[in-house]
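Asks: Just the structure for this:
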Amino acid sequence: MTSYKFNMKNKTVLDEVRSAIVYQFNLAQNMALLSNDTVTIRNFYRQGVEQLLKDKWIAANVKDKFMAQDIDGQAFVYFGICPMIVQGKVNLVASNGFKCASNNKAIDDKLNEFIDNACLNARFAEGVYLESGLGDFLYRLSYDPRISDKPLIDVIEPQFFEVNYSRGHIKSFVIKVPSSEDENYELREIYYKNMNGDVCITYRFYYDNKYVDPSDKSLVQECSLHFDREIDLSDKVLPFKEFPIVFKKNANSNQLYKGERGVPDIQGLDTIEDALTETISDLVDAIRKGGIKEYIDEGLVPSDVDGNDLKVNHFNKTIITTKSSANPANPKSLWQVTQADINWEAYTRTIQNLMSVAINKAGLAPTTLGLTGLESINSSAESQEAREKTSLRTRELSLNTWEKTLKELLNKYLQMLDYIEGKEVLDYSSLIKIHFDDYISPSAENITEVLANQVMAGLKSQKHAIKDLNDEYTDEDADNELLDIMSERGQPVLQGGETNSDTNMENNTPKNVNLENSNS
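Replies: Sure thing, here's the model as predicted:
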């Protein structure tokens, strides 16, 4: 049998790949893209790269991206496919929220009250956003009697926490709280376990890229001035065997970096985002520069007694003067107007292909993002579920992991409630059952809005709008639905089921408008 021996002399290369610096660079890059702000994005690629990457060769390649360029006269139109994907994932997974529905009504009532009071559905959506866009986040449960007699919940973004591992197991969590006055000062909340396995919390100040020595009383006093003096910074021992923190390891987590970190849905899409931005910017330039050009022989330009041109603005780039024999009898010397041929179809095909690659990589269907025309099925008569089959499969996989995360969060909430009320801390995980509400495609809302505008503009009757919104409705069903609507509004119904609004609409409909076949 052949034996393979690995040369470990180049181990430093692997260490560089697994370095936390690479994770920090990707995190900062994704944050810049999700800002949806062209100035932030350009500044990151032009200046931030060198600060985050030690490898000058990689940094130089990143700075060669179109999004890092600042060319005079070049249009810069940031497309924003990454924010579209992340927001589409939030709408897909968390737009309709969740509630607890088990066989234990007392537990369900207590948890559903907590879900409402803590706005947990909104925090759930925030978690989906951070997981999809940045890969990591955590929920922190805490108790502050000055604020509430119930546990509090916070969503911590990945740049504000560290997870420390020992032999594959979480050893400690570090939550960073920068001062609002000066970010150089940080208060770090450190969660760890003592020899008895109980969860402990200690607080340390962090300044000048290192922890402040507790024996340095003057520096400790200086740091404390930048934070709320009423915060209880004493060490705490909690009667929990598990951290009151939920760190969601998403489905794409891996060991690429030291420690297990999540991989966001937009990881690796920066190159596609760059190409999209460049393509659309070039298209805008082609339209702008490919406009009408007017050529005139300089001998035909009228001038005053001092020889200054008249009636020609040389700052107008559409007018170009030429040198030739200024003979009015020669057609070539007359004023000529040309229109450039813009190859816009090549641009749009490139844009569509790039968008399709990005959306497919994120495991979504174009319809989920409100985009049509990228798949043949989008123009067919198939149902909305068939069009979003890819997205619905992604939703199912995502909710499987989210169910575990939210179940763990709610269990720890009940345990902390027991601790606050002085009761025995129990495990409630077997009593918690989460029900996610059904996903409703946002395109249904778009259809409703379009139909409502068509009815108000007199381009479609209410009856046909009702039929278009409900594919299974017959003419009789649509008539009955319309009568019910009019009855609820208190509007009189004329003989034969005709309504006043229908009569007015027929009288006010513009000529040559066919209400029966209007699809606009």
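Asks: In the stretch 101-250 of the chain, mark out all the helices, start to finish.
Replies: Assigned by DSSP state H, counting those that start in this stretch, the helices in the stretch 101-250 of the chain fall at 105-117, 120-134, 217-224.
Asks: okay, the ones you listed, which one's buried deepest?
Replies: helix 120-134 (a mean of 21; mean count of other C-beta atoms under 10 Å). Where C-beta positions appear, they are placed from N, C-alpha and C, glycine not excepted.
Asks: and stretch 208-221, how far apart are its ends?
Replies: Distance across stretch 208-221, first residue to last, is 15 Å (C-alpha to C-alpha, to the nearest Å).
Asks: show me the residues around V284 that make contact.
Replies: A75, V77 (C-beta atoms under 8 Å, 6 or more residues apart in numbering).
Asks: correction: S179
Replies: Taking C-beta under 8 Å, 6+ apart, one finds Y185, E186, L187, H226, F227 in contact with S179.
Asks: okay but the fourth one is in contact with V177, surely?
Replies: No: with contact defined as C-beta atoms under 8 Å, H226 and V177 do not form a contacting pair (10.3 Å).
Asks: Adding distance to S487, write the helices of the stretch 101-250 of the chain out as CSV.
Replies: Compiled in CSV, the helices of the stretch 101-250 of the chain are given as follows (distance: least, C-beta to C-beta, whole Å):
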stretch, distance to S487
helix 105-117, 34
helix 120-134, 35
helix 217-224, 68
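Asks: Figure out which of the ones you listed is closest to F98.
Replies: Between F98 and the helices of the stretch 101-250 of the chain, the tightest spacing by C-beta to C-beta is seen for helix 120-134, at 6.8 Å.
Asks: Show the average pLDDT along the closest one.
Replies: Regarding helix 120-134, the rounded mean pLDDT is 93.
Asks: what does it contact?
Replies: Contact with helix 120-134 is made by 27, 30-31, 34, 82, 85-87, 89-90, 93-95, 97-98, 114-115, 136-137, 139, 153, 155, 157-158, 248, 250, 262, 264-266, 398, 402, 405-406, as judged by C-beta under 8 Å, 6+ apart.
Asks: Narrow these to those that are buried.
Replies: The neighbour-count test (16 or more other C-beta atoms under 10 Å) marks 27, 30-31, 34, 82, 85-87, 89-90, 93-94, 98, 114-115, 136-137, 139, 153, 158, 248, 250, 262, 264-266, 398, 402, 405-406 as buried among these.
Asks: Inside helices: which ones of those?
Replies: Residues of the buried ones among the contacts of helix 120-134 located in helices (DSSP state H): 27, 30-31, 34, 82, 85-87, 89-90, 93-94, 114-115, 398, 402, 405-406.
Asks: Could you export stretch 235-250 as PDB, keeping only the C-alpha atoms?
Replies: In PDB, the C-alpha atoms belonging to stretch 235-250 read as follows (Å, rounded to 0.1, in the frame of the first residue of the first chain):
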ATOM      1  CA  ASP A 235     -18.300  38.400  39.800                       C
ATOM      2  CA  LYS A 236     -21.400  36.200  39.600                       C
ATOM      3  CA  VAL A 237     -22.000  32.500  40.000                       C
ATOM      4  CA  LEU A 238     -25.300  31.300  38.500                       C
ATOM      5  CA  PRO A 239     -27.000  28.000  39.300                       C
ATOM      6  CA  PHE A 240     -26.900  26.900  35.700                       C
ATOM      7  CA  LYS A 241     -25.000  24.100  34.100                       C
ATOM      8  CA  GLU A 242     -25.400  25.700  30.600                       C
ATOM      9  CA  PHE A 243     -24.600  29.200  29.500                       C
ATOM     10  CA  PRO A 244     -27.600  31.600  29.400                       C
ATOM     11  CA  ILE A 245     -26.400  32.200  25.900                       C
ATOM     12  CA  VAL A 246     -27.600  30.600  22.600                       C
ATOM     13  CA  PHE A 247     -25.000  30.600  19.900                       C
ATOM     14  CA  LYS A 248     -26.500  29.300  16.700                       C
ATOM     15  CA  LYS A 249     -24.300  27.100  14.600                       C
ATOM     16  CA  ASN A 250     -25.900  27.400  11.200                       C
END
